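Visitor: Sharing a model prediction with you, sequence too.
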Amino acid sequence: MADLFVDDIPGGTPPDALRDDAPLADRLRPRVLDDVVGQDHLTGPEGAIGRMVAAGKLSSMILWGPPGTGKTTIARLLAAAVGMRFEAVSAVFSGVADLKKAFAAADKAALAGQRTLLFVDEIHRFNRAQQDGFLPFVERGTVTLVGATTENPSFVLNAALLSRAQVLILRRLDTEALETLISRGEGLEGPLPLTAEARNALVASADGDGRFLLNQAETLYSARIDNPLDPAGLGKFLQRRVAVYDKDRDGHYNLISALHKSLRGSDPQASLYYMARMLTAGEEPLYVLRRLVLFASEDIGLADPQALTQCLAAKDAYQFLGSPEGELAIVQACLYCATAPKSNAVYGAQKAAWKSARETGSLAPPANILNAPTKLMKDIGYGKNYAYDHNTDDGFSGAHYWPDDMEPQEYYQPVERGFERKVRERMDWWAKKRAQLQNE
């Protein structure tokens, strides 16, 4: 519980009542919205929150952002800014009974003319049925709901709740915002026992999480270090913040999307970076390899047929060597795909052919290309006048292979890149030759 703000917990101590020995992050909690750092796009005069506060009326909202960006603080300050009663519950610690108590208290306050802001931390942890329970109270104005989540609301909140609340996105704290927090801490506790380079390293280690940064600073103050630490000394003394990465959540999908699009955009450096982000955060290497194999067919195809071979070889190498040595083969496959010529002609051909197959149903192939293992089948024309391509001078008969009731289609359209340029030349020659043979 050490890294939770006091008012993250229902019934927590309000900021103006904090003891001198309270955690540094609590003592530095902003007292007004203008003191919130890094979220000016929301809290500034032109931001959604700034405009609502100026109008003196709040609408229900979902605050979506990484940990340590100020969601709880903003919710509490919003209530104070517009004179609303503040009620907080946490989906981690609360159940249906707690919600019923909160709604009953809000109803009672409403009779006395007091509006209630209900803050629900980790709102995504409530199941769909529990989320539905908020709807009648939000609709009739019993509460103004402010939910906080680190997960993509599109995936974790039901549509009915999202339709009644505005989603506001909090940004990961940038270097300037983190520097402001450190300066405020130093205003209370004095200069940090760090060299300038180590101070920069401390800010970088927070990975955009203000609460983590202040907790790290408090650890340094508590240690009573005599001589300023350099970056190496800081690294031994403190741990970096573990990158936010849930393998089945939004961070996972964002990074795999960034990897795929960097590969498609032929940027080997960015591709390697995003792949490294995933693997160092604990992603299963075989998952990354599966995505590379998919990419080799979907975005490279026959522009470079070796791409698929490289990716499958990387899978075999990783399974043979294990980690970490086998990860070098994954890097090789990633770089090969990023630097290969690109074509989605195979992908497009598959989509078009599948669509055509569904639409044409059970059309029979022309009888001349069907095998005739029995006399009856021969008598009804199976295999009659079949042209055996290898018996022709060019190894190409130009025969018709499509069902009689279907026009020939062109699903596969090779691009003028890589190996597909040669494929295109062959296909163009065959088309020209076929037209000549049919006109003879």
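Guide: Thanks, I have the structure now. As the structure is a prediction and not an experimental result, all values here were calculated from the model.
Visitor: for whichever helix in the chain runs longest, the distance to its chain's centre please.
Guide: For the chain, the helix with the greatest residue count under DSSP state H is helix 420-439. Offset of helix 420-439 from its chain centre (CA atoms, centre = their mean, to the nearest Å): 45 Å.
Visitor: And for stretch 224-231?
Guide: The answer for stretch 224-231 is 38 Å, by CA atoms, centre = their mean.
Visitor: Can you list the low-confidence ranges for the stretch 201-350 of the chain?
Guide: Scanning the stretch 201-350 of the chain for pLDDT under 70 picks out the ranges 239-251.
Visitor: For the longest helix of the chain, which outside residues touch it?
Guide: Contact with helix 420-439 is made by 301-303, 341, 343, 345, 394, 396-398, 414-416, as judged by CB atoms under 8 Å, 6 or more residues apart in numbering. Heads up, the C-betas are built off the backbone N, CA and C, glycines and all.
Visitor: ditto for stretch 393-412
Guide: Contacts of stretch 393-412 with the rest of the structure, by CB under 8 Å, 6+ apart, involve 345-346, 348-349, 352-353, 356, 360, 363-366, 368-369, 386-389, 430, 433-434, 436-438.
Visitor: residues of that stretch that come out buried?
Guide: F396, S397, G398, A399, Y412 (16 or more other CB atoms under 10 Å).
Visitor: what sits against the closest residue to G383 other than its chain neighbours?
Guide: Computed as CB to CB, 6 or more residues apart in numbering, the closest residue to G383 that is not its neighbour in sequence is A372, at 4.0 Å. Contact analysis of A372 by CB under 8 Å, 6+ apart lists K378, Y382, G383.
Visitor: I only care about these that end up buried; give me the ChimeraX line for that.
Guide: Here is the ChimeraX command that selects the buried residues among these (16+ other CB under 10 Å):
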select :382
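Visitor: how about TSV for the contacts of A372, with secondary structure, pLDDT and distance to L77 added?
Guide: Listed next are the contacts of A372 as TSV, based on DSSP: H, G, I helix; E, B strand; the rest coil; pLDDT from 0 to 100; distance: CB to CB, whole Å:
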residue	secondary structure	pLDDT	distance to L77
K378	helix	86	88
Y382	coil	89	82
G383	coil	88	83
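Visitor: The residue nearest the centre of the chain is in what secondary structure piece?
Guide: In the chain, the centroid-proximal residue (CA atoms, centre = their mean) is N254; its distance is 2.3 Å. Here N254 is covered by helix 250-264, with elements defined by DSSP states H and E.
Visitor: Write the PyMOL selection for whichever of the contacts of stretch 393-412 are buried.
Guide: Here is the PyMOL selection string for the buried members of the contacts of stretch 393-412, based on 16+ other CB under 10 Å:
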select buried, resi 345+346+349+366+368+386+434
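Visitor: quick revisit: can you tell me which two in the contacts of helix 420-439 are farthest apart?
Guide: Farthest apart among the contacts of helix 420-439 by CB to CB are P341 and S397. That separation is 31.7 Å.
Visitor: Surely A177 and V36 touch.
Guide: No - A177 is beyond contact range of V36, at 9.4 Å (criterion: CB atoms under 8 Å).
Visitor: which parts of stretch 43-61 are buried?
Guide: T43, G47, A48, I49, G50, M52, V53, L58, S60, M61.
Visitor: Let's have those residues in CSV, adding secondary structure, distance to Q130 and pLDDT.
Guide: Converted to CSV, the buried residues of stretch 43-61 look like this (DSSP: H, G, I helix; E, B strand; the rest coil; distance: CB to CB, whole Å; pLDDT from 0 to 100):
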residue, secondary structure, distance to Q130, pLDDT
T43, helix, 29, 92
G47, coil, 30, 92
A48, helix, 26, 93
I49, helix, 26, 94
G50, helix, 31, 93
M52, helix, 26, 93
V53, helix, 29, 93
L58, coil, 23, 90
S60, coil, 16, 93
M61, strand, 19, 94
